[in-house]
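*Asks:* quick check, what structure comes out for this input:
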Amino acid sequence: MVQVDPGTKRYALGVGVLSLARSVAEKNPFHALAQPVLDRIADEWNVTTIGVKVTGVEDLVVLAVARSRSPFSFYVDVGSRFPAFTSATGRLVAAQAQLSDAELKKHFRSLRWDSPPEFAQWQKEVGASMRQGYALDQGNYMSGITVLAVPVLATPSRMTHALVAVGVTDQLPKGTTQALAKALVEEAQSLSSMMGGAG
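*Replies:* Predicted coordinates for the structure are as follows:
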């Protein structure tokens, strides 16, 4: 859990913390409910699927993962953290954050993108995301990669979790992406009902 640097005599968290974090995350009710869904979507659509907890406007925490059969593998593990406004999920977070344009721009500019969209375009996508029930990132966060995210809601206005699908853009033409989004939305709506606000 803790490592000591013999040169400086300073303490730092050790790798044992990762297994502890994974253990806690896997006992979360969302993990138990979402894992079969993620497994099914990953198998049927050959994408990597991820279940995340939204912790305000600071972090996304990965609670569950199912990997695709593709040679491409987006590496992420249970317990991983990402800035809350990252990629497609970040568009959903921004839509519910009730922040001023200046605050949104500050978060937007702090992100690392392979191909950043213009802020005005990103804002349009943020606005559309909750109306259409999903958010889409095609090659912005990672070149050549499509990321879809759908909200899991505790109440109609409060997203607590999200389901995310990650795949190679060339393997996800528009029709396939729309069908996958529809499948994810249906699964997220079902999970929202089952979660009933559980952490």
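
*Asks:* can you map out the helices along this structure?
*Replies:* Ranges of helices in the chain, per DSSP state H, are 16-26, 29-45, 87-96, 101-110, 119-132, 174-195.

*Asks:* compare those and give me the one nearest Val166.
*Replies:* Closest to Val166 of the helices of the chain, according to Cβ to Cβ: helix 87-96, at 8.7 Å. C-betas here are computed from N, CA, C, even on glycine.

*Asks:* just to check, Ser115 is in contact with Gln138?
*Replies:* No - the criterion here is Cβ atoms under 8 Å, and Ser115 misses it with Gln138 at 9.5 Å.

*Asks:* the more surrounded of those two?
*Replies:* Taking other Cβ atoms under 10 Å, Ser115 and Gln138 do not tie; Gln138 has more neighbours (17 against 12).

*Asks:* my read is that the more buried one contacts Thr146, right?
*Replies:* Yes - with contacts counted by Cβ under 8 Å, Gln138 reaches Thr146, the gap being 5.0 Å.

*Asks:* ok, now how distant is the nearest residue to Leu172 once chain neighbours are set aside from Ala135?
*Replies:* Leaving aside its chain neighbours, Leu172 sits nearest to Thr146 (4.8 Å; criterion: Cβ to Cβ, 6 or more residues apart in numbering). The gap separating Thr146 from Ala135 is 11 Å, by Cβ to Cβ, to the nearest Å.

*Asks:* please consider this matter closed, and thank you.
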